[in-house]
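> give me a 3D structure for the following:
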Amino acid sequence: MPRYFFNTRIGDELISDPDGEILRDPDRAWEMARAMIRELLKTEGTDGALLNAVIEVTDDEGEIVLEFPFTEAILDRPDRSMTRH
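Presented below is the predicted three-dimensional model:
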């Protein structure tokens, strides 16, 4: 299975993930990136700089597989009902 690295870009600063995670496919990497962002926002708050951050998921060769903006994780809330009862 491939290894994916979850690097965080905040402005011009890149915080590298030196270890990565072995996951079955890019879809699972997307799910993990979303969960990581939500947890970070829950613990760190919704600071302006953090809301502009992006997780860059790369493969073993350093190629970007996907970019996940923090704001997208906030807007995409499948755990919330679309209607109020």
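
> which SS class is the residue nearest in space to the middle of the chain?
Nearest to the mean C-alpha position of the chain, by CA atoms, centre = their mean, lies A33 at 3.0 Å. Counting by DSSP: H, G, I helix; E, B strand; the rest coil, the backbone at A33 sits in helix.

> that one and D12, how far apart?
Using CB to CB, to the nearest Å, we find A33 at a distance of 20 Å from D12. Just so you know, the C-beta spots here come from the backbone N, C-alpha and C atoms, and that holds for glycine as well.

> so T43 belongs to a strand, correct?
No. Read with three-state DSSP, T43 is helix and lies in no strand.

> pull the number of nearby residues for it.
Residues lying near T43 (other CB atoms under 10 Å) number 7.

> one more: I15?
If you count neighbours by other CB under 10 Å, I15 ends up with 11.

> now do the helices in this structure.
26-44, 48-51, 70-75 (DSSP state H).

> D59 is nearest to which of the ones you listed?
helix 26-44 (8.9 Å; CB to CB).

> C-alpha coordinates for the closest one, CSV please?
Coordinates of each C-alpha in helix 26-44 appear next as CSV, following Å, rounded to 0.1, in the frame of the first residue of the first chain:
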residue,chain,number,x,y,z
PRO,A,26,-6.2,8.6,-2.3
ASP,A,27,-9.8,8.5,-1.2
ARG,A,28,-8.7,7.3,2.3
ALA,A,29,-6.0,10.1,2.3
TRP,A,30,-8.7,12.6,1.6
GLU,A,31,-10.8,11.3,4.5
MET,A,32,-7.8,11.4,6.8
ALA,A,33,-6.9,15.0,5.7
ARG,A,34,-10.5,16.1,6.5
ALA,A,35,-10.4,14.5,9.9
MET,A,36,-7.0,16.1,10.7
ILE,A,37,-8.2,19.5,9.7
ARG,A,38,-11.4,19.3,11.8
GLU,A,39,-9.5,18.1,14.8
LEU,A,40,-6.9,20.9,14.4
LEU,A,41,-9.7,23.5,14.1
LYS,A,42,-11.4,22.0,17.2
THR,A,43,-8.3,22.2,19.3
GLU,A,44,-6.6,25.4,17.9
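
> off-centre distance for that helix?
Distance of helix 26-44 from the chain centroid (CA atoms, centre = their mean, to the nearest Å) equals 5 Å.
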